[in-house]
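Enquirer: Have a look at this prediction, sequence included:
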Amino acid sequence: MENFKEKIFPELFKFFLNVLSGILLLYAGLVLKKSFEKNDSSLFSLNLSPALSVLLYAVYLSLLLYFSWKIIKGIKSIIFSYVDHLQEEYSAPVMDLDQFETESYIPYKYFDNREYDSFVFRVNCARISEYVWEPDVLLGISEPKCVDKKCVTDLVVKRSYFGFYRYTCPACKKKYSSKYNASTLKSNFKKVIYAEHERKSDELPF
Ligand SMILES: [Zn+2]
């Protein structure tokens, strides 16, 4: 969060300076336009040739375009920093299945395709007990996949101009958009699965 603030305040400051410059420029443009309207080819008390007026107008237009571009870039930087600060690193769960092995039971791994946040993830879990009420343990979560049940292909991810994550399915060409990268999606989904396991273990009859 500290890092985000350190990054966002200079960006905001630059952005407001550019907006202010843009507004001043627009105001200057309006004053110029009014003085042109009042007296066809004179600017304030100066008499300008038509060629000079055109040149002045071109300079004004270039400056306006420059500040508009700077303002769009400023908005882009602010949104980029905001999206960046939402991201989290995913760490795979560390689980030693041997500890659950008994004389009568050997834990086994299985995969399950689960939907979360408009994506599908292949979740790797393990049954650690012969008792059905005992919650499973999480071993890993795959990269986000296409939500189409017949497709379930790993998605290709790219960042948009404003920093959002655009996911495309290389098989069926479906597109998804998210403010989270794959690592954050997995990290958030891990929390959801842990909560499910915790709730189940709270309901244990012993
Ligand atoms: Zn697909």
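Expert: Noted; the coordinates are in hand.
Enquirer: any idea which helix or strand carries E134?
Expert: Counting by DSSP states H and E, no helix or strand carries E134.
Enquirer: That one reaches H197, doesn't it?
Expert: No: with contact defined as CB atoms under 8 Å, E134 and H197 do not form a contacting pair (9.9 Å). Yep, even glycine has a C-beta here, placed from its N, CA and C like the rest.
Enquirer: T102 belongs to a helix?
Expert: No: with DSSP: H, G, I helix; E, B strand; the rest coil as the criterion, T102 is coil rather than part of a helix.
Enquirer: quick one: it and I128, what's the gap?
Expert: 10 Å (CB to CB, to the nearest Å).
Enquirer: cool, and L139?
Expert: 11 Å.
Enquirer: between these two, which one's more packed in?
Expert: Using other CB atoms under 10 Å, the more surrounded residue of L139 and I128 is I128, with 20 against 17.
Enquirer: Tell me who's in contact with that one.
Expert: Applying CB atoms under 8 Å, 6 or more residues apart in numbering, one finds that I128 lies in contact with L97, F100, P107, E134, D136, V137.
Enquirer: And for L97?
Expert: Contacts of L97 by CB under 8 Å, 6+ apart are P107, K109, A126, I128, V137.
Enquirer: Can you select the buried ones from those in PyMOL?
Expert: Only the buried entries of these go into this PyMOL selection, using 16 or more other CB atoms under 10 Å:
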select buried, resi 107+128+137
